[in-house]
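>>> Compute the structure for the input listed below.
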Amino acid sequence: LIFWMAQAFWVFLISWPLIAVQALDTDADFGGGSSEERSTSLTFYDMIFLFGFALGVVCEILSDVQKSMWVANGRKGTFCQVGLWKYSRHPNYFGEILQWG
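From the prediction side, this is the model:
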């Protein structure tokens, strides 16, 4: 538990400068318009990134469920090769990279 808490703190510490910079309310924003308009409307890029994040969540959950079912069925074969696992050896990590990349 201590390791996981230390890891979470490290991730927070490393990402804090980026979070702080993105939280700044400046007129030099790429979205343009007033701050009220920027905070309520999604740009084209926002929609693309949200789609990528959602795709990553689905990919990660689906691959975890598929591997759990493979393990429950007796681990047939040397490696899991069902569903997304036949295309990649670590589709759950791919989903996580899509989420945060």
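
>>> which is the next helix or strand following the helix-or-strand element of the chain with minimal mean pLDDT?
When each helix and strand of the chain is scored by mean pLDDT, DSSP states H and E, helix 35-40 comes last, with a mean of 55. Remark: after helix 35-40, the chain's next helix or strand is helix 44-72, criterion DSSP states H and E.

>>> Can you name every helix or strand that that following helix contacts?
Using 3 or more CB pairs under 8 Å, 6 or more residues apart in numbering; DSSP states H and E as the contact test, the elements touching helix 44-72 are helix 91-100. The C-beta positions use only the backbone N, C-alpha and C, and glycine is treated the same way.

>>> mind listing what's buried in the helix it packs on?
Under the neighbour-count criterion of 16 or more other CB atoms under 10 Å, helix 91-100 has 91-92, 94-96, 98 buried.

>>> what angle sits between it and helix 44-72?
Relative orientation of helix 91-100 and helix 44-72, computed by axes from the mean of the first three to the mean of the last three CA atoms, to 10 degrees: 160 degrees.
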